[in-house]
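Chemist: Pasting a predicted model and its sequence here:
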Amino acid sequence: GMMAWQVTFAGEGGDDYGGLFRESIREMAADLQSAATGLFVPVPNSRNATGFNRDTYLPNPACSSPLHMRHFRFIGKLMGSGMRTSNPLGLDLPPPAL
């Protein structure tokens, strides 16, 4: 697949033939879903230890400031870039409810 950017990890050798790029996407997704950003929260099934999709996250409804909205727009751009280059961002989002 194509790469939207070139990656070099500080202090690590290696040429980016796609592996470093994919690793950067995995790291971004993990960071975005961490408690450190607060942008995503575990689904209620995770908090209550019941039901399906316990290992997924939802956008944090408390994140509604203009700064948070800019962050979510940027995440949308990362997701779009991932779709165009066949390298999805890989956020652990639940399937849509039908």
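Modeler: Perfect, I can see it now. Fair warning: this is a prediction, and the values are worked out from it, not measured in the lab.
Chemist: What is the burial count for the closest residue in space to Arg54 that isn't next to it in sequence?
Modeler: Nearest residue to Arg54 in three dimensions, chain neighbours excluded: Ser46, at 4.4 Å (CB to CB, 6 or more residues apart in numbering). C-betas here are computed from N, CA, C, even on glycine. The number of residues packed near Ser46 is 17, by other CB atoms under 10 Å.
Chemist: gap between Ser46 and Pro94?
Modeler: In this view, Ser46 and Pro94 are 10 Å apart by CB to CB, to the nearest Å.
Chemist: can you list the residues that contact the helix or strand Leu78 falls within?
Modeler: Using DSSP states H and E, Leu78 falls within helix 66-84. Residues outside helix 66-84 that contact it (CB atoms under 8 Å, 6 or more residues apart in numbering) are 2, 4, 25, 28, 32, 37, 39, 59, 63, 87-91.
Chemist: shared neighbours, Ser46 and Pro94?
Modeler: Thr56.
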